[in-house]
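Undergrad: 3D, please:
(chains A and B)
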Amino acid sequence: GDSVTQMEGPVTLSEEAFLTINCTYTATGYPSLFWYVQYPGEGLQLLLKATKADDKGSNKGFEATYRKETTSFHLEKGSVQVSDSAVYFCALRSYSGGSNYKLTFGKGTLLTVNP
Amino acid sequence: DSGVTQTPKHLITATGQRVTLRCSPRSGDLSVYWYQQSLDQGLQFLIQYYNGEERAKGNILERFSAQQFPDLHSELNLSSLELGDSALYFCASSVGAGGANTEAFFGQGTRLTVV
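TA: Now for the predicted structure:
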């Protein structure tokens, strides 16, 4: 079945450091890929998405490129801020039969940014 | 604020008991999804309803059930509760039934603690 594997955390960085959170996936067909962010005490929010190979999703300084050849969707940010401290989830949406699609999440990576 | 409302925010109950979690989707959204988030299993999809009908089923236990009412709000019923059911339960909603690019909007979750 479909699966998403993301790097285990926690990840601790200093402010202005470069961030990479790795995400690889296994899926049949051509899934859409997402990064969600969960700030403390809140629900998940969509951070960015990419719907086909070589697409780059970007938002709030974060970027991720849909790499079909390596089945990856790594999240990057050039200079993190304390306010970026959160849990980040990689996810894919894939066709599950009929007219249905399902959203599969990775286990999440906790990012802590220190001033 | 995602527009998805979940109540209650916190729930503490004893083993063997039954609880009901409630979700009001964003205005205009017809789909409701339920997810369970635990430390060891990550974010697991439980079930989806679309316009009152069950649309997709994930890793939902037989002790759990859900329904979506004519006003589109949804309830997740958990019975014969066990310690291992302690988790954060999220509801999400989307406009359609869940196409490839569908964005799901998440509520803040209900934290269930079974003692």
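Undergrad: what sits against B:A87?
TA: For B:A87, the contacting residues are B:36-38, B:111-112, by CB atoms under 8 Å, 6 or more residues apart in numbering or on different chains. Heads up, the C-betas are built off the backbone N, CA and C, glycines and all.
Undergrad: same question but for A:T24, I mixed them up
TA: Contacts of A:T24 (CB under 8 Å, 6+ apart): A:4-6, A:70-73.
Undergrad: now swap in A:A64 and tell me
TA: A:23, A:33, A:35, A:48, A:50, A:56-58, A:73-76.
Undergrad: correct me if wrong: A:Q45 contacts B:S2.
TA: Yes. A:Q45 sits in contact with B:S2 when judged by CB atoms under 8 Å, with a separation of 7.0 Å.
Undergrad: of those two, who's got more company?
TA: Counted by other CB atoms under 10 Å in any protein chain shown, A:Q45 and B:S2 do not tie: B:S2 has more neighbours, with 18 against 14.
Undergrad: before we move on, which element is that one in?
TA: Using DSSP states H and E, B:S2 maps to neither a helix nor a strand.
Undergrad: which residue packs closest to it, ignoring adjacent ones?
TA: With CB to CB, 6 or more residues apart in numbering or on different chains as the criterion, B:S2 has its nearest non-adjacent residue at 4.3 Å, and that residue is B:F105.
Undergrad: show me what contacts that neighbour?
TA: A:46, B:2-4, B:26, B:29, B:92-94.
Undergrad: buried members of these into PyMOL, please.
TA: This is how PyMOL selects the buried members of the contacts of B:F105, with burial counted by 16 or more other CB atoms under 10 Å in any protein chain shown:
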select buried, (chain A and resi 46) or (chain B and resi 2+4+26+29+92+93+94)
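Undergrad: redo the contacts of B:F105 as JSON lines? Include secondary structure and pLDDT.
TA: Shown next, in JSON lines, are the contacts of B:F105 (DSSP: H, G, I helix; E, B strand; the rest coil; pLDDT from 0 to 100):
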{"residue": "A:L46", "secondary structure": "strand", "pLDDT": "91"}
{"residue": "B:S2", "secondary structure": "coil", "pLDDT": "82"}
{"residue": "B:G3", "secondary structure": "coil", "pLDDT": "91"}
{"residue": "B:V4", "secondary structure": "coil", "pLDDT": "95"}
{"residue": "B:R26", "secondary structure": "coil", "pLDDT": "95"}
{"residue": "B:D29", "secondary structure": "coil", "pLDDT": "93"}
{"residue": "B:A92", "secondary structure": "strand", "pLDDT": "94"}
{"residue": "B:S93", "secondary structure": "strand", "pLDDT": "93"}
{"residue": "B:S94", "secondary structure": "strand", "pLDDT": "90"}
